[in-house]
Structure formats: structure tokens, C-alpha cells
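Visitor: Here is the input, now give the coordinates:
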Amino acid sequence: MMTRRRFLHDAALGSAAALVPFQQPRAYKMGLQLFTMRAAMSKDAAGTLKRVASLGYEEVETYGFDPQGMGYYGMPAKAFAQLLRDNNLTTPTGHYDLNKFVTTSEDDLKRYMDRCIEGAHVLGQAYVTWPYVDPDSRTLEGFRTIAHRLNLIGQQAKAAKLLVAYHHHDFEFVDHNGQIGYDIVTKQTDPALVKLQMDLYWIARASPISAVEWFKRQPGRFVMWHVKDMHKVSRDYTELGNGTVDFAAIFPHAKLAGLQHYFVEQGGNFASDPFRSITDSAEYMKRNPIRR
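Guide: From the prediction side, this is the model:
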């Protein structure tokens, strides 16, 4: 029975709720993999980063590292870190040449990793990402070695308050008598030490299952994405929104994936030039943000 007291109580709650504005879930910061701008970065890193920031990008992922000089893009790590700050950019991760240490001694890998950790600390990065597998190591035994070494450097990174991530391409999904390399990497590495960076283009082009199915298999582990589109005819790279990758089916599952950062990337096949391409892709992400 509705009493006068209950009516006034419910009415008061309704009025209070009406005063609280609806809050849209927060969008992730828009990031860019600097490999997209490799030619421009090699000529004018300062000018390139200024233009990147002006387009609305807030984060960048580095690629390439000079372990002897502990430098990035031809400058010491501290100078590059200042350049990022000058443009209000942060870098949560970088691609480091860890793939060169599959067949070397573990001591060589550890020494290189020590330098990567030093550089990552200077830049404020949280992840050191393994970006590639050389052709000679794309065997099942090669992927088992990679998984072991990822665990090894994962422990090393943890001691330095960092994490390791693994970035795939298409060759992880090649069938080897019923087995694929990506299963070895994901199943034989410690999820607490080794996270995963998913490339949405390569998943769409090469994986036997969808991005969302991978999220279900390894929930919370895909902490980073490369957001790339696939040309409708050539199946090469293209600007976001021009291709066939179904981002609308993937973006709502960011929480399941464990997403923390994403990076727009286009390795080539630019409509006119890289700046035009990252401008168009930035506009697409502003219209279609990934929300937390």
C-alpha cells in the first residue's frame, strides 16, 4: 500500500536522480604507432610530433631503439622524452628489437632487455613490446623458444615494475599440422608477466577466429590494440573506415579484452601521404571512439 510517507520518499529519490547528469563512458586516449610516420620521423621528429599532437593524438607507441646510446629517433632518451612532453604526448609502450634474440644466448637477451628497461623508464613507458618474429624462427619450436624467453624477460621486467607484451602479425596463425604459433605464445606464457597486443588488421586477415573470440579465450590480457583497416580489394592497409574490418563488432568488447591503450597504425598504401592518412583515421576515431 502506498503511504504518504512512501510517496514523498520515492518522489524525493526521483528528483535527486534527475539532478545527476548522465555521464557517457570515458573514451580511451587516441594513440598512434609512430611506424606509420617513419619517413617523417627520420627527417623531422620534432615537427612530426607537433603535427601528430595537433590532430588530437595523445599517446604514441615508439619503434626502434639504440641500446648503445640509449636513444630514440637519433636523440638521447631524455631529449626524446622532453620532446614528447613539449607536445603533451605520452608513450605507454614501445616496440623493441627483442626478435633479434631468439637464437642468441639468454644472457645476450637479458643485457639487451636491461637497456630497454632503462629507456622505457626514461620515457615513462609501462610496457616493453616484442614486435616481430624473424622468418627462421616461425616454426613450432621457434614459438616455444619465444614463449620461454617472453617469460624470462617478463620476470626481468616485473622486477623493474614494467610488463612485457607480445605483438603478432599473420605468421602466428599459419597451420602447422593442426597447431598455430599464437596458441603456443598465449598458452605457454604467464598471463601475469606477458600481456598481448592485438593487431586488428592481422586478426581479420589471418586468424581462424575473430578478435572477440580471442578476447573470450584470454580475457583481460589484450591490454593494447593496433587499430588498422583492410582495403576492400587489395587487402592491403587503408585508412580507418575505408576497409572491411568490423570495428563496430570489436570496440564494445574493450572491457572483456582488458584494453588499456590503442594505437592507430597504417604501415603503407596511403591514399596520398601519411599525414593525410592519420588525419582521416583520427577523424574516424573521433566519430567512433572506443569507450571504457
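
Visitor: just the helices in the stretch 151-292 of the chain please.
Guide: Taking DSSP state H, counting those that start in this stretch as the test, the helices found in the stretch 151-292 of the chain are 181-187, 200-206, 211-217, 247-250, 254-257, 274-287.

Visitor: ranking those helices by burial, who's on top?
Guide: Neighbour counts (mean count of other C-beta atoms under 10 Å) averaged over each of the helices of the stretch 151-292 of the chain peak at helix 200-206, with a mean of 21. Placement of C-beta: from N, CA and C, glycine included.

Visitor: who touches it?
Guide: Applying C-beta atoms under 8 Å, 6 or more residues apart in numbering, the set of residues contacting helix 200-206 from outside is 168-170, 172-173, 210-211, 214, 225-230, 235, 237, 244-247, 250, 265.

Visitor: If we use 7 Å, what do you get?
Guide: By C-beta atoms under 7 Å, 6 or more residues apart in numbering, the residues outside helix 200-206 that reach it are 168-170, 173, 211, 214, 225-230, 235, 237, 245, 250.

Visitor: tell me which of those is nearest to residue 187?
Guide: Residue 187 lies nearest to residue 214 out of those, by C-beta to C-beta, at 12.4 Å.

Visitor: I'd like to know how far that closest one sits from residue 196.
Guide: 8 Å (C-beta to C-beta, to the nearest Å).

Visitor: pretty sure residue 264 is touching residue 32, no?
Guide: Yes - using C-beta atoms under 7 Å, residue 264 is in contact with residue 32, at 5.2 Å.

Visitor: Can you pull the residues that touch both of those two?
Guide: Both residue 264 and residue 32 are in contact with residue 278, where contact means C-beta under 7 Å, 6+ apart.

Visitor: quick one: low-confidence parts of the protein?
Guide: The chain contains residues with pLDDT under 70 at 1-24.

Visitor: rerun at 90
Guide: Within the chain, the segments meeting pLDDT under 90 span 1-25.

Visitor: before we move on, what SS does residue 100 have?
Guide: Recorded secondary structure, residue 100: helix (DSSP: H, G, I helix; E, B strand; the rest coil).

Visitor: since we're on it, how many residues are nearby?
Guide: A count of nearby residues for residue 100, using other C-beta atoms under 10 Å, gives 13.

Visitor: Name the nearest residue to it, ignoring sequence neighbours.
Guide: Among residues not flanking residue 100 along the chain, residue 134 sits closest, at 7.4 Å (C-beta to C-beta, 6 or more residues apart in numbering).

Visitor: So the one you found sits against residue 101, correct?
Guide: No - if you go by C-beta under 7 Å, residue 134 and residue 101 don't touch, sitting 10.2 Å apart.

Visitor: Compare the two (neighbour count), which wins?
Guide: Comparing residue 134 with residue 101 by other C-beta under 10 Å, the one with more neighbours is residue 101, at 20 against 11.

Visitor: residue contacts, the more buried one?
Guide: 108, 109, 112.

Visitor: Going by neighbour count, which of these are buried?
Guide: Neighbour-count burial (16 or more other C-beta atoms under 10 Å) applied to those gives 109, 112.

Visitor: which among the contacts of residue 101 gets closest to residue 180?
Guide: Minimum separation from residue 180 among the contacts of residue 101 (C-beta to C-beta) is found for residue 109, which lies at 24.1 Å.

Visitor: now the helices of the stretch 151-292 of the chain as TSV including distance to residue 119?
Guide: Output for the helices of the stretch 151-292 of the chain, formatted as TSV (distance: least, C-beta to C-beta, whole Å):
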stretch	distance to residue 119
helix 181-187	24
helix 200-206	26
helix 211-217	30
helix 247-250	31
helix 254-257	27
helix 274-287	24
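
Visitor: Let me know which of these is the nearest to residue 52.
Guide: That would be helix 274-287 among the helices of the stretch 151-292 of the chain, by C-beta to C-beta, at 7.1 Å.
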